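*Asks:* need a structure here:
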Amino acid sequence: MKLNTLKKIKLKLVAFILSNNSYESIEYTVNKIPSIINDFFISEDSEDKNILKIAKKNNYNLIYNNNLKGYGSNVKNSLKYAFNELKADYAIEVHGDHAQFDPSATYDAVKYLKEDCDFISGSRFLKFRENMKYGYPIERMVPNFFISSIERIILKIPLSDFHQGFKIYSRNFFKKMRLNDMSDDFLFNFETILLAKKLNLKIAEVPVVANYNLPHTSHKLFGKNSAFSYQIKTFKLIYKYLKKSEI
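*Replies:* The predicted structure follows:
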C-alpha cells in the first residue's frame, strides 16, 4: 500500500475504490492512486470472489457492500468505512474500471483541503483538450456541457461538470449526510451536490482527466437506466430543491 503521510496539513486522506466485478482492472487502478493519499481500500459491490484472490495476493484492504444495490449503495458503504473505521479526514472516490477519472486530481485539491473545504468535485472541462485526447465522446461531452451550464446557473453552484466520477468528501460533510435517505443508484452522485449546497458547505472544483480509451463502465445514452433517464431524475431533484422540499 502507499501510506505516505500528508505532513504539511496533517490530514488523513483515504481513497475508496468502487468495484463491481472489477478484478481484471483492480491492480491497474490501485497503481493509479497518488502517493499523497495515506490509505485505500476496495469496496466490492458484488459477490465475486476473483477480486478476493487478488486482494489477498497484494495485501489490499477489501470490504464487501452487502446491500448490493448499486453505485450509491457502494459509495455509502465506503464512506462509512472510511470515516468510521479508518478515521479519515477526507475520502476520495476512485472507480475500479481502470480509475477512469484520474485520482491524481487529488494534488490539485490540496489547496482546498488546507482551507477545510467540505466537498471537492472534478471537472473534465477544466482540462478539455486532455479529455478529448483520451476519447471523451462528443455525443456525451456536448449534452453534458450544456446541461451542466444550465444547472450551474439555476442552482448557483460553482461547478462546470455536474456529472462525473471524481469527488472528495470531508468528515464534516459525512457527519451531516442522512445516508439512509439518499439514493442507492447513480442519482446519489447528483444528490451529494445538492445536499452540499443546501447545507451551505464549502464546495470547490478541480480539473480531472477521464480516460475513455481504456475499458470502463458508462451509461448507455437511451433506454432503461440510461444517461437520458438519469438526467430526467436529476431535473426532478432540481425541482424539489427549488421548491425547498426534501432532497
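*Asks:* Need the pLDDT of the closest residue to K32 other than its chain neighbours.
*Replies:* For K32, ignoring the flanking residues on the chain, the nearest one in space by CB to CB, 6 or more residues apart in numbering is A99 at 3.9 Å. In this view, the C-beta of every residue, glycine as well, is placed from N, C-alpha and C. As predicted, A99 sits at a pLDDT of 95.
*Asks:* on contacts alone, who are the packing partners of the helix or strand bottoming out on mean pLDDT in the chain?
*Replies:* Least confident helix or strand of the chain, by mean pLDDT, DSSP states H and E, is helix 227-242 with a mean of 83. When contacts are defined as 3 or more CB pairs under 8 Å, 6 or more residues apart in numbering; DSSP states H and E, helix 227-242 packs onto helix 138-155, helix 187-198.
*Asks:* please redo it, this time with the cut-off set to 6 Å
*Replies:* Packing partners of helix 227-242 (3 or more CB pairs under 6 Å, 6 or more residues apart in numbering; DSSP states H and E): helix 187-198.
*Asks:* Touching, V206 and S104? I think so.
*Replies:* No - counting by CB atoms under 6 Å, V206 does not reach S104; the two are 10.2 Å apart.
*Asks:* more neighbours, those two?
*Replies:* The residue with more neighbours, out of V206 and S104 and counting by other CB atoms under 10 Å, is V206; that gives 20 against 16.
*Asks:* mind checking pLDDT for the more buried one?
*Replies:* 98.
*Asks:* just K127 next, same as before
*Replies:* On the pLDDT scale, K127 gets 95.
*Asks:* Quickly list what the residue nearest to it when sequence neighbours are not counted is bridged to.
*Replies:* Of all residues not flanking K127 in the chain, P207 sits nearest, at 4.2 Å (CB to CB, 6+ apart). Beta-bridge pairing for P207 (DSSP bridges): S123.
*Asks:* Was I right to think P207 contacts R129?
*Replies:* No - using CB under 6 Å, P207 is not in contact with R129, being 10.9 Å away.
*Asks:* Give me the more crowded residue out of these two.
*Replies:* Set side by side, P207 and R129 show more neighbours around P207, with 19 against 7, by other CB under 10 Å.
*Asks:* how close does the more buried one get to Q100?
*Replies:* 15 Å (CB to CB, to the nearest Å).
*Asks:* and if you look at D89?
*Replies:* Taking CB to CB, one finds D89 at 25 Å from Q100.
*Asks:* do L79 as well
*Replies:* The separation that L79 has from Q100, given CB to CB, amounts to 20 Å.
*Asks:* quick one: which of these two has more around it?
*Replies:* Q100 (26 against 23).
*Asks:* just so I have it, where are all the helices in the chain?
*Replies:* 26-31, 50-58, 71-80, 106-114, 128-133, 138-155, 171-176, 187-198, 227-242 (DSSP state H).
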